[in-house]
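K.L.:
show me how the following folds:
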Amino acid sequence: MGIEVYFILGLVSLVGASFWIILKKSSEKISVQYDALAQSLGLEREQPAPKLGGFIRPEPSVYGSHRGRQLSISVPGKGLQNTRQVETVLKVQVKNKALKAQLTAAGPLGGLRQRDSGGQARWKSGNASFDNAVDVRTNQGDVLKNYLDEPRMLWLASRLKKTKATLYIGEGNLAYVRLGLIGNESIRKDFEAAIEFLCDLAETLEHSQVSERP
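P.N.:
Next comes the predicted model:
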């Protein structure tokens, strides 16, 4: 009996050590990508300390100013819809607070990803390729259409379909939300491209708002 107990304790210790090493290596990979984001964009990086001896490793975040506007990339602590799935959230400041819309990849799960749309009906732009690829929910379709030129439609259709991300417009932010973590260079570059796209869009929204003032 004594040998069996020692064997079980040793097995549990081995599993625990293996899991700790996996967590550490995964956290290090993510940290490398956030370091690269901070350096390339001139942002501040924040890394919460590990907890429970390293078995809980909070995700890093970056924040600061880029192209004259505030932005941040972080991982909300709560799982998506009370599940274990997590999202990485990029927020870019925009001074135009009037427009509200949500855009995500169209398809069987498109409606589920529109969980925060407030029950808004799906809006279609009239561009068949875009409408087949992107599920847009807004009550301000005529306004939104003014900002969605062909290059932007192509970018959104390609990017949202590929990454299954969602773009939220409203509350003074443009938020690009993607399932998962920034664990490799490819995902980091996707967020870097999204930053530039959202900064360009924010500039257009603000310029148009100023132009519309009497």
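
K.L.:
and the helices in this structure, which stretches?
P.N.:
Ranges of helices in the chain, per DSSP state H, are 2-41, 110-113, 128-133, 141-145, 150-163, 185-212.

K.L.:
and those helices, which one's lowest on average pLDDT?
P.N.:
If you rank those by mean pLDDT, helix 110-113 sits at the bottom with a mean of 51.

K.L.:
which residues does the residue nearest the centre of the chain contact?
P.N.:
Per C-alpha atoms, centre = their mean, the C-alpha nearest to the average position across the chain is that of residue 177, at 2.6 Å. Residue 177 sits next to 87-90, 165-168 when contact means C-beta atoms under 8 Å, 6 or more residues apart in numbering. All C-beta spots, glycine's among them, are computed from the backbone N, C-alpha and C.

K.L.:
and with 7 Å instead?
P.N.:
Residues near residue 177 by C-beta atoms under 7 Å, 6 or more residues apart in numbering: 87, 89, 165-166, 168.

K.L.:
now tabulate these in JSON lines and tack on distance to residue 202.
P.N.:
Listed next are these as JSON lines, based on distance: C-beta to C-beta, whole Å:
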{"residue": "87", "distance to residue 202": "21"}
{"residue": "89", "distance to residue 202": "16"}
{"residue": "165", "distance to residue 202": "17"}
{"residue": "166", "distance to residue 202": "17"}
{"residue": "168", "distance to residue 202": "13"}
